[in-house]
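Participant: Okay, here's the prediction I keep looking at, along with the sequence it came from:
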Amino acid sequence: MPNDKDQPGTPPTARREFLKSAGLFTVTAAGLAGGLEALTRRPGAGSAEAQGTAFVRPARPLGPYDTKEAVTPWEQATTYNNFYEFGTDKGDPARMAASLKPRPWTVKIDGEVKKPQTVDIDTLQGWFPLEDRIYRMRCVEGWSMVMPWLGFPLASLIRRIEPTSKAKYVQFTALYDPKQFPGQRGNVLDWPYVEGLRLDEALHPLTLLAVGLDGRVLPNQNGAPLRLVVPWKYGFKNIKSIVKITLTEQQPKTTWALAAPDEYGFYANVNPAVPHPRWSQATERRIGELGRRATLPFNGYADQVAGLYKGMDLRKNF
């Protein structure tokens, strides 16, 4: 298992230069938000072709949360996706992505918080310095990628809104709009898509709210304009196109657990020792590679997150 914790962090000056070279940063956080907004408003911004040619991602030192593994090429990361709001085929999200309009966009924050509010996406991302994180991503279907996300820790937002003493979980709700999401015109799932985390999972420094991919504005097919990234869990936990974040006292219901409770649990931690009822999880196929590789416990992040589940039966709490 790679020891990701020993990698040197990116100095603040280098981080600013990286963002400036990507066209996403001027001087202030507000400038960064404006840069992302301008990119998403330009013609064709929702397509992989338009965003794929917008920038060249410069080299940078690995940060403390980065994996050393090779990043999945942009063309594959943006055209092989599960995003049922656009359709059930892997290529549907990229083909249908232009129907989603990621601006204007607001996120409602409510529940067990002292500062409930509805905030514009550009204001929201302007509150925090953006970081890039190179994470493994493992799908419950048995394939995987390595993704270079751009975003901010969910913990930063949670601390800003000040949870009450009753807050134990965080529920996320995605956009419901069949005009923008043609896949929602069918009943393959109960819409809108909802997901959840325990509060300590949400506060873990690995948990990210992403607004970009590979130094570029987040493509529609990858969850624009705001998505969750929890790298030690199966990909379906990483809800896309978030419009609502609710802190709750009770464990929230989640879309796939409601659809097939015997197959998809609330925790969805990557565990090679617990097979899916219809296939083994012991190995995975890395997109772009031939053959299969061994699946790592907690997707390779056991050193960082296994302590969250001390004493739990990870077969029962799957």
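Facilitator: Done, it's in.
Participant: Give the buried residues for stretch 200-214.
Facilitator: 201-204, 206-214 (16 or more other CB atoms under 10 Å). Every residue, glycine included, has its C-beta placed from N, CA and C.
Participant: mean confidence for it?
Facilitator: The average of the pLDDT scores along stretch 200-214 is 98.
Participant: before we move on, back to that, out of the buried residues of stretch 200-214, the closest to Lys90 would be?
Facilitator: Set against Lys90, the nearest of the buried residues of stretch 200-214 by CB to CB is Leu213 (16.8 Å).
Participant: quick one on the thing from earlier: mind putting the buried residues of stretch 200-214 in JSON lines, distance to Trp149 included?
Facilitator: Below are these laid out as JSON lines (distance: CB to CB, whole Å):
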{"residue": "Glu201", "distance to Trp149": "17"}
{"residue": "Ala202", "distance to Trp149": "16"}
{"residue": "Leu203", "distance to Trp149": "18"}
{"residue": "His204", "distance to Trp149": "15"}
{"residue": "Leu206", "distance to Trp149": "11"}
{"residue": "Thr207", "distance to Trp149": "11"}
{"residue": "Leu208", "distance to Trp149": "6"}
{"residue": "Leu209", "distance to Trp149": "9"}
{"residue": "Ala210", "distance to Trp149": "4"}
{"residue": "Val211", "distance to Trp149": "9"}
{"residue": "Gly212", "distance to Trp149": "7"}
{"residue": "Leu213", "distance to Trp149": "6"}
{"residue": "Asp214", "distance to Trp149": "8"}
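Participant: if you look at those residues, which of them are in strands?
Facilitator: 208-213 (DSSP state E).
Participant: which one among those residues gets closest to Pro148?
Facilitator: Leu213 (6.7 Å).
Participant: That closest one and Ala77 touch, don't they?
Facilitator: Yes: using CB atoms under 8 Å, Leu213 makes contact with Ala77 at a distance of 7.0 Å.
Participant: who touches both of these two?
Facilitator: Counting by CB atoms under 8 Å, 6 or more residues apart in numbering, the residues touching both Leu213 and Ala77 are 147, 222.
Participant: Just the C-alphas of stretch 208-228, formatted as PDB.
Facilitator: C-alpha atoms of stretch 208-228 as PDB (Å, rounded to 0.1, in the frame of the first residue of the first chain):
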ATOM      1  CA  LEU A 208     -13.700  16.700  -0.400                       C
ATOM      2  CA  LEU A 209     -16.300  18.900  -2.100                       C
ATOM      3  CA  ALA A 210     -15.000  19.100  -5.700                       C
ATOM      4  CA  VAL A 211     -15.600  21.900  -8.100                       C
ATOM      5  CA  GLY A 212     -12.900  21.000 -10.600                       C
ATOM      6  CA  LEU A 213     -11.100  18.100 -12.300                       C
ATOM      7  CA  ASP A 214      -7.500  18.000 -13.500                       C
ATOM      8  CA  GLY A 215      -7.100  21.700 -12.900                       C
ATOM      9  CA  ARG A 216     -10.200  22.600 -15.000                       C
ATOM     10  CA  VAL A 217     -13.800  23.500 -14.200                       C
ATOM     11  CA  LEU A 218     -15.700  20.300 -13.200                       C
ATOM     12  CA  PRO A 219     -17.300  18.800 -16.400                       C
ATOM     13  CA  ASN A 220     -21.100  18.400 -16.300                       C
ATOM     14  CA  GLN A 221     -20.700  14.600 -16.800                       C
ATOM     15  CA  ASN A 222     -18.500  14.400 -13.700                       C
ATOM     16  CA  GLY A 223     -20.900  16.100 -11.400                       C
ATOM     17  CA  ALA A 224     -20.800  19.900 -12.000                       C
ATOM     18  CA  PRO A 225     -20.900  22.200 -10.400                       C
ATOM     19  CA  LEU A 226     -20.400  20.600  -7.000                       C
ATOM     20  CA  ARG A 227     -19.900  16.900  -6.000                       C
ATOM     21  CA  LEU A 228     -18.800  14.900  -3.100                       C
END
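Participant: Shouldn't Pro178 be within a strand?
Facilitator: No: counting by DSSP: H, G, I helix; E, B strand; the rest coil, Pro178 is not part of a strand but coil.
Participant: Give me the pLDDT for it.
Facilitator: You'll see Pro178 listed with a pLDDT of 98.
Participant: In contact with it, which residues?
Facilitator: By CB under 8 Å, 6+ apart, the residues touching Pro178 are 184-185.
Participant: Check Tyr65 too.
Facilitator: The neighbours of Tyr65, taking CB under 8 Å, 6+ apart as the test, are 4, 133, 135, 205-206.
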